[in-house]
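S.K.: pasted the sequence and its predicted model underneath.
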Amino acid sequence: MKRRDFVTLASAAMGTSILWSCKKSMIETNATSHLDLMTARGGGGGAVIRYPLKFPTVVSPSGLTLDSKLAKSDLGGGLISNVWAYNGQFPGPTIKANNGDQVSIQLQNHLPEETITHWHGMIVNHDNDGQPMHSIAPGAVFNYNYIIKQRAALNFYHPHPHMLTGKQVYLGQAGAFIINDAEEAALNLPSGSYEIPLVLRDATLDKNNNLSYKPASGGMFGKIPLVNGTRSPYLNVERAVYRFRILNGANSRIFGLALSNGANMKLIGNDGGLLPTAVNLSRIDMANGERTDVLIDFRQMTNGSTVLLRDLHAGWDLLEFRVSSATVIPFNDLTETLPVIVPLSGPVTTRTFSFDAMSKINGLEYEMDRIDWTVPFGQTEKWIFKTNGNAPHPVHVHGASFQVVSRTGGRNQLYPWEAGWKDTVLLEDGETVEVLIRFENYRGIYLLHCHKLEHEDMGMMANFEVV
Ligand code: C2O
Ligand code: CU
């Protein structure tokens, strides 16, 4: 019943949104929004008005209160938008901790509906995983207590209530959770003001500049990009090497990242932390839920010059880097080999999961109290993801990271950002993706789902139990 309501709403919203966009072009008379549109189309030359990139505050997860509540956020240049924020921030505070640290977080629900926070990419026990069945009512609290037991990585916290995830994430409930460890520290990667988290997403603003959530059947695609909750952002950089911790926090949109001067970026990590080898790339694709760890070298650029981080999919300019000092900051190029990653091998069991239509895995829609398969603890398995259409489906697993072994059909290849450890992998139409996975941390109920949040909310999600 509830899901049907969602579908009806979504299709009704499609009509509204067409009407709305006509209205928008009629009322679009002020210079700023016109210029922003030019930015969004990637054209327009030098006249674009840009706003300083925002940074969420950095907090420790020890004794942290996360208050989910309605707030107002400045999207840049005083453009105020109503959002659903964690601790009043959009995106939420950046949580930073070390492997081995104790996490104690109290989630307070001051939203007008149920919610629960999930730690995407964090390997925690069932009780701390923030699954739909853990959702709490408005006014209630949920206490998380766990010890971080995993390698350094950029993870993603966001709500996970059944059928409400897309809306809540879209309205602003999302943040970065960075774990550091000794292995990573030994590499002396750029840090402090040279390590920058970038939460990418898209949004459509209504006539009052509020975030408007009107998903179509193919997902929610916003009309403008936001980086760290900032429209048309710029960032002043020195002539130095920077480390960007990038999260695709969009509901449905895939980004194809490139620099406007054609220079390479050095990819050093992804969902599950550092890669076994760094790779120079002129383009990096990221599906929603995926993360990348990228070094960009501004040392050869002159003081006063600029370069744009672009999205080649939408043709958007995401972020302008402004080189704003003459001094070159030395950097010892990564001579150390990156961490060794032992490949999983010898799967004992093979399971196949077909992601079909917009709401089904192997013909079934999610039901909170149904467990669809069990996985023996500590056993290596091969999971095969395929689809009969309506992709992209970014496939995400809770409770363990996996290693991607092959992609056949469709793009028919693996990409450098799919090496190492992953928790989300993109399945396009016609593709079959094989991964190796082993649950060796906790027994309990976990989730497999499509991370296109509108598919997830419509039921493209399944419970399994590690036994
Ligand atoms: Cu990022 Cu189950 O979610
Ligand atoms: Cu999907």
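M.R.: Nice, I can see it. Numbers count the residues shown, from 1 in each chain. Ligands and ions are numbered 1, 2, ... in the order given.
S.K.: for the closest residue in space to residue 270 that isn't next to it in sequence, helix, strand, or coil?
M.R.: Spatially, and ignoring its direct neighbours in sequence, residue 270 is nearest to residue 417 (5.1 Å; CB to CB, 6 or more residues apart in numbering). (Glycine included, C-beta is placed from N, CA and C.) Classification of residue 417 using DSSP: H, G, I helix; E, B strand; the rest coil returns helix.
S.K.: quick one: pLDDT of residue 417?
M.R.: The model reports residue 417 with a pLDDT of 98.
S.K.: check residue 14 too.
M.R.: The model reports residue 14 with a pLDDT of 35.
S.K.: break down the stretch 351-467 of the chain into its strands, ranges please.
M.R.: For the stretch 351-467 of the chain, applying DSSP state E, counting those that start in this stretch gives strands covering 360-361, 371-375, 380-387, 393-397, 402-408, 424-427, 432-438, 444-450, 461-466.
S.K.: and those: which comes nearest residue 333?
M.R.: Across those, the minimum distance to residue 333, taken as CB to CB, is reached by strand 402-408, at 27.3 Å.
S.K.: what packs against that closest one?
M.R.: Counting contacts by 3 or more CB pairs under 8 Å, 6 or more residues apart in numbering; DSSP states H and E, strand 402-408 is packed against strand 432-438.
S.K.: tilt between the strand it packs on and strand 393-397?
M.R.: Angular relation of strand 432-438 and strand 393-397 on a 0 to 180 degree scale: 10 degrees, by axes from the mean of the first three to the mean of the last three CA atoms, to 10 degrees.
S.K.: quick one: contacts of strand 432-438?
M.R.: Contact with strand 432-438 is made by 343-345, 347, 378-386, 395, 397, 400-409, 422, 425, 427, as judged by CB atoms under 8 Å, 6 or more residues apart in numbering.
S.K.: and if we set it to 6 Å?
M.R.: Around strand 432-438, the neighbours that count as contacts under CB atoms under 6 Å, 6 or more residues apart in numbering are 344, 347, 380-386, 400, 402-409, 425, 427.
S.K.: the residue nearest to residue 270: how many residues sit nearby?
M.R.: A count of nearby residues for residue 417, using other CB atoms under 10 Å, gives 26.
S.K.: need the strands of the stretch 351-467 of the chain in a markdown table with mean pLDDT and mean neighbour count, can you?
M.R.: What follows is the strands of the stretch 351-467 of the chain, written out as a markdown table (pLDDT from 0 to 100; neighbours: other CB atoms under 10 Å):
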| stretch | mean pLDDT | mean neighbour count |
| --- | --- | --- |
| strand 360-361 | 98 | 22 |
| strand 371-375 | 98 | 15 |
| strand 380-387 | 98 | 20 |
| strand 393-397 | 98 | 26 |
| strand 402-408 | 98 | 19 |
| strand 424-427 | 98 | 26 |
| strand 432-438 | 98 | 21 |
| strand 444-450 | 98 | 23 |
| strand 461-466 | 98 | 21 |
